[in-house]
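Undergrad: Could you look at this predicted model? Sequence included:
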Amino acid sequence: MYIKRAIEEILVSNFRKSKALAVTGARQVGKTTTTKHLYPETQRINMKDGRLLAAAADDPHSFLDGFGTPLFIDEVQNAPFLLNEAKVILDETNTKSNYIFSGSQKWELMKGLSESLAGSVSILEMTTLSMRELKGTDFNMPFSLTEDYLNARSRNLKKYDNIWTYIHNGFYPELYDDDPRDWNSYYRDYIATYLEKDVYDILKVKDSNTFYRFLVSVAARTGSVLNYSNIANDIGTDSETVKSWLGVLEKTGIVYLLQPYFNSHLSRAIKTPKIYMRDTGLAAYLTNWTTTEQLRDGAMNGAFFETFIINEIIKSYINAGKDYTRYVYYYRGKDKKKKNGESEENEIDFIIEENNTLFPIEIKKNSTVKADMASSFPVLDKDIEKKRGTGAIICTGDYKIKLRDNLYALPVEYI
């Protein structure tokens, strides 16, 4: 079963208007399946194939010339010399839609593209499935709290029943086939392939057991402020190793680091990012939440719900072709005064910056929420260079409810 991807129209449009297209993203998010669906006649090669890699390394010009265009080149980060040769070819033509490059190691691919094909290639990221895609929702605006967005979204809502089933299952497309893989075997094989083909390629890690324990330690901290030392203590290594390994998880689309919001007016803000797994199903497998019910009722349910919501918001930006890293943050700072004069922390789960306006968001797994759950939002008023916009408490309730003039309780379906 092919599930229509929200990014399809942008992918087709960008390829039509550019000399080349690059599609990045983690393993098994659907890069190859989607491009094959959109361009079934385009010839495809994979640079994981040792024979092709050897032939390309021996004579890159003849190799590309022999295949012609259009050509889909998968795992191109393994053959960076092909990007240099592709630049020569693209510089000599005005023809659009020549190459589609794809790779699961985002940073390596991006580095190669920026060094070799700047100005000639359009770059898009793909993610795991979104709830909009799974529900067949024909709506592709990036999530926002503006009135225009909320009004448009309200006209195209579909109820997200059994939300914890989706959170536990995760969002890799293969898990939603007509005859889906067993959950345990899928994630077991996914991790084995990931360790063998991505981690080893980048780090040459020989002790896969230690790296697996590192994955578990990171998954157990999804939704937490990043602390290298704590992870290092968990697995018996040093903080520099953890930093190096965490870079690999970022490169390969396993984790996302949400950056803190701070400026000179928020002098007591924490400047450390929060870490999120990019897929809740993979996180559940690594942390041994084996059933939907155990996860829903367990000690990490709040962290998993927050991870799910933030991933869905990020997907809405990615699927609209937007660079989400320029718009989203979280806030934590010791700038709230208690009655006895001591300071306590303000925390805002998520902030969207749009048109010089800060839209604060609190995330609660509850179905009923109260306005005082947003008591930290006024801290943003200290930023005199930006204004505070409408805030929201995203929850599992059934209705959009106005709690105050500038605050909504917002069901997850609005993402």
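TA: Looks like it came in fine. All values reported here derive from a predicted model rather than from experimental measurement. Numbers count the residues shown, from 1 in each chain.
Undergrad: Can you pull out the low-pLDDT segments for the stretch 301-415 of the chain?
TA: Scanning the stretch 301-415 of the chain with the threshold set as pLDDT under 70 gives 336-343.
Undergrad: How are the strands of it distributed by residue range?
TA: Assigned by DSSP state E, counting those that start in this stretch, the stretch 301-415 of the chain shows strands spanning 328-337, 343-354, 357-363, 387-388, 391-395, 401-404, 407-411.
Undergrad: Buried deepest among the ones you listed, which one?
TA: strand 391-395 (a mean of 25; mean count of other CB atoms under 10 Å). All C-beta atoms are positioned from the backbone trio N, CA, C, and that covers glycine.
Undergrad: What pairs with that strand, parallel or antiparallel?
TA: Paired neighbours of strand 391-395 in the sheet (DSSP bridges): strand 357-363 (parallel), strand 407-411 (parallel).
Undergrad: Just the angle for it relative to strand 343-354, thanks.
TA: With axes from the mean of the first three to the mean of the last three CA atoms, to 10 degrees applied, the angle from strand 391-395 to strand 343-354 works out at 100 degrees.
Undergrad: For the strands paired with strand 391-395, give me a markdown table that also has distance to Ala6.
TA: Below are the strands paired with strand 391-395 laid out as a markdown table (distance: least, CB to CB, whole Å):
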| stretch | distance to Ala6 |
| --- | --- |
| strand 357-363 | 21 |
| strand 407-411 | 20 |
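Undergrad: Out of those strands, which gets nearest to Tyr212?
TA: Nearest of those to Tyr212, taken as CB to CB: strand 357-363 at 29.2 Å.
Undergrad: what's the longest helix in this protein?
TA: Criterion DSSP state H: the longest helix present in the chain is helix 301-319.
Undergrad: For the strands of the stretch 301-415 of the chain, give me a markdown table that also has distance to Glu240.
TA: As requested, those are arranged in a markdown table below (distance: least, CB to CB, whole Å):
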| stretch | distance to Glu240 |
| --- | --- |
| strand 328-337 | 25 |
| strand 343-354 | 29 |
| strand 357-363 | 32 |
| strand 387-388 | 39 |
| strand 391-395 | 37 |
| strand 401-404 | 46 |
| strand 407-411 | 41 |
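Undergrad: mind checking which of those strands is nearest Asp58?
TA: The closest of the strands of the stretch 301-415 of the chain to Asp58 is strand 328-337. By CB to CB, the value is 44.9 Å.
Undergrad: what's the burial count for the closest residue to Gly321 other than its chain neighbours?
TA: The shortest distance from Gly321 to any non-neighbouring residue, by CB to CB, 6 or more residues apart in numbering, is to Ile10 (4.4 Å). Residues near Ile10, counting by other CB atoms under 10 Å, number 18.
Undergrad: Check Val205 too.
TA: Using other CB under 10 Å, Val205 has 15 neighbouring residues.
Undergrad: contacting residues around the residue nearest to Asp323 when sequence neighbours are not counted?
TA: In this structure, Asp323 finds its nearest non-sequential neighbour in Tyr317, 7.5 Å apart by CB to CB, 6+ apart. By CB atoms under 8 Å, 6 or more residues apart in numbering, the contact list for Tyr317 reads 142-143, 323-324, 327-328.
Undergrad: of all those residues, which comes closest to Pro411?
TA: Minimum separation from Pro411 among those (CB to CB) is found for Phe143, which lies at 12.8 Å.
Undergrad: Spatially central residue for the chain, please.
TA: Central residue of the chain (CA atoms, centre = their mean): Arg278, 5.3 Å from the mean position.
Undergrad: Could you check how far Asp383 is from Val88?
TA: For Asp383, the distance to Val88 equals 48 Å [CB to CB, to the nearest Å].
Undergrad: Could you provide the contacts of Tyr317 in a markdown table, with additional columns for distance to Lys334?
TA: Shown next, in a markdown table, are the contacts of Tyr317 (distance: CB to CB, whole Å):
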| residue | distance to Lys334 |
| --- | --- |
| Pro142 | 32 |
| Phe143 | 29 |
| Asp323 | 31 |
| Tyr324 | 28 |
| Tyr327 | 26 |
| Val328 | 22 |
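Undergrad: show me the contacts for Ala55.
TA: Phe63.
Undergrad: Mind telling me what element it is part of?
TA: Under the criterion of DSSP states H and E, Ala55 resides in helix 50-58.
Undergrad: Now the element after that helix, going C-ward?
TA: Taking DSSP H and E, what comes next after helix 50-58 is helix 60-67.
Undergrad: Would you mind writing the CA trace of that following helix as CSV?
TA: The C-alpha coordinates for helix 60-67 follow below in CSV (Å, rounded to 0.1, in the frame of the first residue of the first chain):
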residue,chain,number,x,y,z
PRO,A,60,33.4,9.2,-12.6
HIS,A,61,32.9,11.0,-15.9
SER,A,62,32.4,7.8,-18.0
PHE,A,63,30.2,6.3,-15.2
LEU,A,64,27.7,9.2,-15.2
ASP,A,65,27.9,9.6,-19.0
GLY,A,66,27.0,5.9,-19.4
PHE,A,67,23.8,6.2,-17.4
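Undergrad: The residue nearest to Asp323 and Ala6: what is the separation?
TA: Using CB to CB, Tyr317 is found at 11 Å from Ala6.
Undergrad: do the same with Asn78
TA: 29 Å.
Undergrad: likewise Ala299?
TA: Relative to Ala6, Ala299 is positioned 33 Å away (CB to CB).
Undergrad: what about the two, which has more around it?
TA: The neighbour count for Ala299 versus Ala6, taken as other CB under 10 Å, is higher for Ala6 (23 against 7).
Undergrad: hang on, isn't Asn311 packed against Ala283?
TA: No: assessed by CB atoms under 8 Å, Asn311 is found out of contact with Ala283, at 10.2 Å.
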